[in-house]
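> output the structure for:
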Amino acid sequence: MLLGVRDLLIKQRTTVINAIRGHAAEFGVIAAKGPVKVAELLQRAHAEEASMPALALDMLSLLAAQLDALDVKLKLMETRLMASHRENPLSQCLASQPGIGPINAISFALRVTNPPELLFGAALCCVARPYPERQLLGQQTSAGPH
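The predicted structure is shown next:
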């Protein structure tokens, strides 16, 4: 359930960000893509008050407040996921594998109820440690100049 609620909050955050970008663009206020650029976009909108009606600024402020509330909730979800990760040995093992972070590891660990039944071998049993990165990339591991 924790993962489902997190996914829902991420979708809602994306929707609110797109609404802010779209409504601001109606008045010619634009910024680069990405969640981190929304603050810049809102600053531009308020700096150009002469070109934006007060009602539009109020609506952008309302959406910005909703975005802030979603960010707080997402941080709480991330805190809970990280706490679950620290308590779950399978998640910790998976996170030790190259390319798998703690969020993906706990997501997998929470969804898979009986990992020994899966036939993923070393990825799940954690008996075999990952090879050094150089061997994974097919590079030589001998010492000295090449």
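> burial of residue 55, as a residue count?
If you count neighbours by other Cβ atoms under 10 Å, residue 55 ends up with 8. All C-beta spots, glycine's among them, are computed from the backbone N, C-alpha and C.
> list the contacts of residue 9.
By Cβ atoms under 8 Å, 6 or more residues apart in numbering, the contact list for residue 9 reads 70, 73, 74, 77.
> switch to 6 Å and redo it
Applying Cβ atoms under 6 Å, 6 or more residues apart in numbering to residue 9 gives the contacts 70, 73, 74.
> check the gap between the second one and residue 13 for me.
I take that to be residue 73. 9 Å (Cβ to Cβ, to the nearest Å).
> same check on residue 36?
With Cβ to Cβ as the criterion, residue 36 and residue 13 are 12 Å apart.
> okay, those two: which has more neighbours?
Between residue 36 and residue 13, counted using other Cβ under 10 Å, residue 13 has the larger neighbour count: 19 against 9.
> what's downstream of the helix or strand in which the more buried one is found, the next helix or strand?
Following DSSP states H and E, the helix or strand that holds residue 13 is helix 2-25. If you walk from helix 2-25 toward the C-terminus, the next helix or strand you reach (DSSP H and E) is helix 38-47.
> other SSEs contacting that following helix?
Using 3 or more Cβ pairs under 6 Å, 6 or more residues apart in numbering; DSSP states H and E, the elements in contact with helix 38-47 are helix 2-25.
> chain center to whichever helix or strand residue 55 is part of: distance?
Assessed by DSSP H and E, residue 55 sits inside helix 54-87. Chain-centre distance of helix 54-87: 12 Å, with Cα atoms, centre = their mean, to the nearest Å.
> do stretch 44-55 as well
31 Å.
> what's the span of that stretch, first residue to last?
16 Å (Cα to Cα, to the nearest Å).
> may I see the buried residues of it?
45, 52 (16 or more other Cβ atoms under 10 Å).
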